[in-house]
Every structure is written in structure tokens, then in C-alpha cells.
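K.L.:
build the 3D model from these lines:
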Amino acid sequence: AILCYDCSHELLALQRVGSYQRELSGVAATVQDARAALAPWADLAQGKRLLQQADGLLRRHSSEDLLYALFFVIHARVLELDVVRHTVNPTWEKGLLRNAREFATMCTKCGPQIQAALTDPETKNTIDLLNACDMRDQVGSYRVIVSYETPQLEDFSLCILQQNNCFGCDAAILDQPRVPLLQQWQGKPLDDLAARQIFIGHFSCREAAPVSRHLAWSWKIVCGANPAYDAFPAQHQLFYPSDKSKSTLWYDPVFKVETLDGRSVWCKRHYRCTPRVVPSEFRAAGGSSSGAWTLTTLDNGVISKEHWTTVDAADDLSWAVFHYSGAAAVVGQSYLGALLCSPDGKWPEAAVNGVGLARIEAAFDRCGIAMWELYGHGPPGAPTRAGS
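P.N.:
Presented below is the predicted three-dimensional model:
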């Protein structure tokens with residue numbers, strides 16, 4: 001396979017996947033397209049689909065989508081990759097028998113939910129849009145989901161995916177990169193109390209740190225690395241204590257979505273946060289795993305589980321960097337990213353340059369992320385540092 005994007009005509013002419021060639025013309029192009037249409041299960045048609053999919057991903061200009069463009073081609077043509085192995089879409093690659101078997105399982109297990117979803121015009125349109133994109137394309141599929149959330153879609157997904165896993169999908173939380181925990185905060189080893197205070201941030205509650213600004217939220221996201229989940233125009237994080245557990249926190253992200261049909265809507269999720277034990281080589285002195293969390297939520301009928309790590313935080317809570325790695329197992333999706341947060345969602349003034357900026361860059365580096373990969377607001381005077 002040869003892929004390229006925004007290159008010279010000479011390089012574009014070299015594009016191919018398998019036996020499909022992009023730059024054929026005249027009779028040769030007509031014959032090639034006809035053969036692909038007549039045998040959609042064959043190598044030629046698969047190559048055409050992969051090239052079209054790569055084009056769409058590369059146009060988004062993100063490192064994440066670049067990787068997935070490569071993953072899809074490598075998975076189809078070279079070797080199986082777990083990160084894109086599962087899909088809930090009917091595909092020619094699955095074959096007619098497997099597609100039919102999955103459809104029959106859906107109808108047997110979830111008939112009432114399917115009927116309710118397909119008889120609701122908005123939900124049916126959402127399902128059609130999801131079928132038109134590859135659900136392994138997390139950016140495209142999640143944009144559809146948050147644009148058209150309905151109770152019928154949640155019930156449909158809960159039954160088909162979460163309760164019955166009709167497509168036999170599975171995905172694990174990625175364990176690379178191994179991100180080390182923050183060791184010290186405010187001149188002391190990070191303990192459970194301090195780890196809770198960093199998560200709670202500036203939310204006004206009894207457990208907030210003395211340096212908290214006591215706002216209506218914990219943090220606002222300045223920038224993040226995942227175009228599917230971090231690139232919304234306004235993102236508020238609310239971490240707050242649980243009344244039933246001294247170790248558990250709740251997390252409610254509230255974020256603004258610019259929908260596919262041009263609306264602006266606010267969405268909310270609800271996570272349970274529990275402390276997590278990390279491998280011994282990443283623990284602090286004395287064997288502490290403070291700052292490591294497991295977050296779980298039910299998102300439109302599908303359970304997502306995420307491992308969060310406190311990477312660094314300013315002593316005055318003017319900023320914090322968190323890393324996350326998660327999976328929605330029954331959809332076959334694994335994902336990861338990292339966030340820079342501040343009280344107001346703006347780049348922290350104390351980190352525009354010098355030691356503060358170096359600390360933030362080092363924190364993202366420990367997450368395996370370069371600053372140019374981020375979405376959101378960069379330091380003043382350096383708009384290209386974090387794509388805004």
C-alpha cells in the first residue's frame with residue numbers, strides 16, 4: 001500500500017492499496033471502478049474502501065487520525081491489530097454469514113428496542129449515520145452520537161451492545177505508555193488526601209484544598225490530545241466527594257457540542273472514580289499509588305472504563321495535567337489522551353514561558369504526547385504550539 005495526502009501529482013499518482021490504483025484514467029479507471037462495484041467483497045473493492053477511508057481521516061489534520069488511517073490499512077493488508085480488530089458495522093470483510101448471524105442475534109435479543117429505535121425518526125437517522133461511518137473511527141462516530149442523543153438510542157445500544165454484545169466485540173485498556181504518577185505536591189509526598197484535592201481542584205466543597213478558588217466547577221480544559229473527546233469548544237470538569245464512600249469521587253464532565261446539523265448543545269456524563277493500584281515500579285516512596293484512578297460511566301448505553309493518572313499539578317492549582325487510557329469493550333474501542341486543565345480554561349499565566357512551561361511540556365512528554373498534537377488553547381504568542 002502507498003498512501004499520501006496533500007502531495008504533488010507525481011506522488012498522488014503512486015497511491016494504491018492492494019490491486020486498487022487511485023490515479024488511473026479513461027477506460028482503465030472505468031473498468032477498475034466497475035470491477036470494484038461488481039465484487040465488493042474482493043481485493044480491489046477493499047483497496048478502494050481503504051483509500052477513501054484514509055483520505056477522510058487524513059483531511060482532519062490530527063496525529064490520532066493519521067495513526068488510524070495507517071492502522072486500518074495495516075490491519076487489512078499486513079497483520080491483525082487489536083486496536084481496530086472489532087467493529088459493530090456490517091462489512092464485506094466479515095462475510096455474509098457472519099453479518100446475517102449478527103443481525104439475527106440482534107433481532108432475537110433486542111426486538112422491542114430495535115422497533116422503538118427505527119420508528120423514532122431522529123434515532124433512525126442517527127443509526128443510519130453510524131452505519132455510514134466506521135464505528136472504529138472514534139472521532140466520526142462519537143461526533144454523530146453526541147449530535148443526536150435520544151433515549152431510544154441509549155436503550156438500543158444498551159441491549160444490543162452492553163447487555164448482549166451481539167457483535168462479540170472486546171477491547172482492553174491500553175497499557176502503553178506507562179505514565180509515572182506525580183510524586184510530590186506542595187513539597188510533600190503525594191498522598192490520598194492530596195490526590196483527591198487535585199482532582200476536586202477548584203470545586204467549592206468541604207474537601208477542597210486551601211488554595212482552591214471555590215468555583216462551580218473543578219477545572220476547565222485548556223487543551224487535550226484526543227480529537228474525539230478533547231476537542232469540544234467548552235469543557236467543564238466537576239469532581240466531588242461521594243456521600244457513601246470516603247475513597248470514591250464522582251466526576252461529571254459538562255461539555256458543549258457543535259452538532260453535525262449546526263446546533264450548539266450541552267452534554268453531560270456521570271463517572272464513578274475509585275482509587276487504583278499501579279505496578280510497583282510506578283508507585284511513590286512507601287508503595288503509594290495515590291493519584292491513580294479508575295473511572296467508569298454508562299455513555300449512551302455503553303460502559304466505558306478509564307484509567308486516569310495525575311501527571312503533574314502546580315502547587316497553587318493554577319494548572320494540572322492528567323493522562324487517561326480507556327476502553328468501551330463491547331464496541332471494540334480503546335482510546336487514550338491527556339489534558340491540561342486550569343481554573344478558567346485559559347493557558348496558565350505562570351506557565352507562558354520559563355519553568356512553568358517546561359513542566360507542562362515535560363508532563364505531556366511523559367504521556368508520550370508532543371505539544372503540537374494538542375487541541376485547544378496554546379500559550380499566548382505561540383498559537384501553533386497547541387492547535388487552537
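
K.L.:
isn't residue 254 up against residue 221?
P.N.:
No: taking contacts as CB atoms under 8 Å, residue 254 lies outside contact range of residue 221: 10.9 Å. Every residue, glycine included, has its C-beta placed from N, CA and C.

K.L.:
contact partners for residue 68?
P.N.:
57, 84, 136, 137, 138 (CB atoms under 8 Å, 6 or more residues apart in numbering).

K.L.:
any residues in contact with both of residue 254 and residue 221?
P.N.:
Going by CB under 8 Å, 6+ apart, residues that sit against residue 254 and also against residue 221 are residue 235.

K.L.:
and residue 272, how many neighbours does it have?
P.N.:
Neighbours of residue 272 under the rule other CB atoms under 10 Å: 16.

K.L.:
hang on, the earlier thing: residue 254 and residue 221: which is more packed in?
P.N.:
Legend: neighbour count by other CB under 10 Å for residue 254 and residue 221, higher for residue 221 (23 against 14).

K.L.:
which strands and helices sit next to the helix or strand containing residue 100?
P.N.:
Secondary structure assignment for residue 100, by DSSP states H and E: helix 96-119. Under the contact criterion of 3 or more CB pairs under 8 Å, 6 or more residues apart in numbering; DSSP states H and E, helix 96-119 touches helix 121-132, helix 151-157.

K.L.:
ok, and the helix or strand in the chain with the lowest average confidence?
P.N.:
When each helix and strand of the chain is scored by mean pLDDT, DSSP states H and E, strand 375-376 comes last, with a mean of 80.

K.L.:
and stretch 290-299, what's buried?
P.N.:
290, 291, 292, 293, 294, 295, 297, 298, 299 (16 or more other CB atoms under 10 Å).

K.L.:
now it: mean pLDDT?
P.N.:
Averaged across stretch 290-299, pLDDT comes to 97.

K.L.:
which residue ranges form the helices in the stretch 1-150 of the chain?
P.N.:
For the stretch 1-150 of the chain, the helices defined by DSSP state H, counting those that start in this stretch occupy 9-12, 26-38, 43-58, 63-77, 96-119, 121-132, 138-147.

K.L.:
about what we covered before: inside strands: which ones of the buried residues of stretch 290-299?
P.N.:
Those of these mapping onto strands are 292, 293, 294, 295, 297, 298, 299, per DSSP state E.

K.L.:
need these in JSON lines (columns: distance to residue 196).
P.N.:
Formatted as JSON lines, these follow (distance: CB to CB, whole Å):
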{"residue": "292", "distance to residue 196": "12"}
{"residue": "293", "distance to residue 196": "10"}
{"residue": "294", "distance to residue 196": "14"}
{"residue": "295", "distance to residue 196": "14"}
{"residue": "297", "distance to residue 196": "19"}
{"residue": "298", "distance to residue 196": "23"}
{"residue": "299", "distance to residue 196": "24"}
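
K.L.:
return the closest of these with respect to residue 237.
P.N.:
Distances from residue 237 to these, taken as CB to CB, are shortest for residue 295 (11.3 Å).

K.L.:
got a list of what the closest residue to residue 224 other than its chain neighbours touches?
P.N.:
Sequence neighbours aside, residue 230 is the residue nearest to residue 224 in space, at 2.6 Å (criterion: CB to CB, 6 or more residues apart in numbering). By CB under 8 Å, 6+ apart, the contact list for residue 230 reads 221, 223, 224, 337, 339, 375, 376.
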